[in-house]
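# Kindly generate the corresponding structure for this input.
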Amino acid sequence: MQVLSDEQVASFHRDGYVMMADAVTPEDLAALKEVFADWIADSRSHGGPWGTTVDGRARFDVEPGHSAESPALRRVASPVEVSDVYLDVMRNARMVDAAAQLVGPNIEFNNAKVNSKQPGSATAVRFHQDFLYEPHTNDDLVAVLIFLDDVTLENGPLEVVPGSHLGQMYEHWHDGVFTGTVAPDVEAEATGQAVACHGPAGSACLLHTRTLHGSGPNMSDTARTLYICTYRSEDSQQLQANHIPSVFDGEVVRGVATNRVRCSASEMEFPEIPTGASFFEQQAQHPVA
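This is a model prediction of the structure:
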């Protein structure tokens, strides 16, 4: 099913991202928000990360300063395993058809997460390229970032560098440490070139795996929550363990399984598989220049 126009598809391949309206139905959006509100309520009874993913790490991550009075849930790893609503949207929402237009027609589920910045959240996402966290035999991977809240210029929107997916892959190791970020000089240049992706709840940004991106802190009194599902072309095979493992990893969500592998030229150092609840701990190892 074609849900993106030819112009939108061309924009994705040119710029490394494209915006999509009505990525999920109003009913699904309301259900996703209700489940996430329940997770925030549950976070009030925890002083730190909790829950368990399939590899034994914490599923729910909170930012420093989290408390029962001021809950700051910032990451849910693989929500598809603990919520039927999140699983159904990953499989059946309109945005899955859009992903198939961009990297399909045969696509597999790669991983999913929720990233949230509660009002006044200090958490920032340093500039990086997703492919440096998830090496594959080719780079036909797309992350669909569904806006569960209205995303504004003030509440920490995704910032992307147009066309950067066509350029080099930047080192994410520094001084022997995998920080999951680019070098300070690259980040400074990216900051000057980045454009903000904002829009109403229910819309989405579809992001190429090599596109340089980050986001700032939430300087507003409204939350900014994203449900992020990543899909890969069915012939793009993993070269390392999934950094957000799931029992649904590799499920064909559009098209068919071909049992083929396609390789493209790339060179990178393997990423470090995180041991904590989220990549925020890795990025915190790299001080701002």
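# Can you report how many residues lie near Arg210?
Arg210 has 20 neighbouring residues, counting by other Cβ atoms under 10 Å. The C-beta positions use only the backbone N, C-alpha and C, and glycine is treated the same way.
# what do you get for Tyr86?
That count, for Tyr86 with other Cβ under 10 Å as the rule, works out to 23.
# Check Arg260 too.
When neighbours are defined as other Cβ under 10 Å, Arg260 has 9 of them.
# Could you pull up the residues touching the residue lying closest to it once chain neighbours are set aside?
Once flanking residues are discounted, Arg260 sits nearest to Asp235: 4.8 Å by Cβ to Cβ, 6 or more residues apart in numbering. By Cβ atoms under 8 Å, 6 or more residues apart in numbering, Asp235 lies in contact with 106, 137-138, 258, 260-262.
# Greatest separation within those residues: which pair is it?
Maximum pairwise distance among those (Cβ to Cβ): 14.5 Å, between Asn106 and Thr137.
# Would you tell me which one of the contacts of Asp235 comes nearest to His128?
Using Cβ to Cβ, the contacts of Asp235 come closest to His128 at Asn138, 19.6 Å.
# Can you tell me the SS state at the closest one?
Look at Asn138: counting by DSSP: H, G, I helix; E, B strand; the rest coil, its state is coil.
# wouldn't it be in contact with Glu234 here?
No: when contacts are counted by Cβ atoms under 8 Å, Asn138 is not listed as touching Glu234 (11.0 Å).
# If you count surrounding residues, which of these two has more?
Higher neighbour count among Asn138 and Glu234: Glu234, with 25 against 18, using other Cβ under 10 Å.
# Per-residue confidence at that one, what does it come out as?
Looking at Glu234, its pLDDT reads 98.
# can you tell me how far it sits from Gly16?
Note on Glu234: its distance to Gly16, by Cβ to Cβ, to the nearest Å, is 21 Å.
# which among the contacts of Asp235 end up buried?
Buried members of these, counted by 16 or more other Cβ atoms under 10 Å: 106, 137-138.
# hey, where'd the helices end up in this structure?
Using DSSP state H, the helices of the chain run over residues 6-15, 26-43, 84-92, 94-103, 184-193, 280-283.
# quick check: mean pLDDT across the second one?
Per-region confidence: helix 26-43 scores 98 on mean pLDDT.
# Next: stretch 78-88.
Mean predicted confidence for stretch 78-88 is 98.
# quick one: the strands in this structure?
17-20, 60-62, 73-77, 107-117, 125-128, 141-147, 158-160, 173-174, 177-178, 195-197, 204-208, 213-215, 224-233, 252-254 (DSSP state E).
# Starting from the last one, tell me which strands it pairs with and how they run.
Strand 252-254 has its sheet partners listed here by DSSP bridges as strand 107-117 (antiparallel).
# okay, which residue is most central for this structure?
The residue lying closest to the centre of the chain (Cα atoms, centre = their mean) is Ile228, at 4.5 Å.
# Wait, that one touches Asn115, no?
Yes: between Ile228 and Asn115 a contact is recorded at 6.3 Å, counting by Cβ under 8 Å.
# Would you mind listing the buried residues in stretch 163-177?
164-165, 169-170, 172-173.
# any idea how far Tyr170 is from Val186?
5 Å.
# where do the contact lists of the two overlap?
With Cβ under 8 Å, 6+ apart as the test, Val186 and Tyr170 both reach Leu212.
# lowest confidence element among the helices and strands of the protein?
In the chain, no helix or strand scores lower on mean pLDDT, DSSP states H and E than helix 280-283, which sits at a mean of 58.
# Closest one to Leu158 out of the buried residues of stretch 163-177, please.
Looking across these and measuring by Cβ to Cβ, the closest to Leu158 is Ser164, at 13.4 Å.
# Now that closest one. Nearest residue, chain neighbours left out?
Using Cβ to Cβ, 6+ apart, the closest residue to Ser164 is Leu212 (3.9 Å).
# Next up, the contacts around that neighbour.
127-129, 160-161, 164-165, 170, 182, 186, 190, 194 are the contacts of Leu212 under Cβ under 8 Å, 6+ apart.
# now swap in Val35 and tell me
If you count contacts by Cβ under 8 Å, 6+ apart, then Val35 has 79, 83, 85-86 around it.
# Leu148 too?
The neighbours of Leu148, taking Cβ under 8 Å, 6+ apart as the test, are 29, 32-33, 36, 114, 201, 225-227.
# got a winner among these for most neighbours?
Neighbour counts for the contacts of Leu148, by other Cβ under 10 Å, peak at Tyr227, which reaches 32 neighbours.
# From His136, how far off is that one?
Distance of Tyr227 to His136, computed by Cβ to Cβ: 22 Å.
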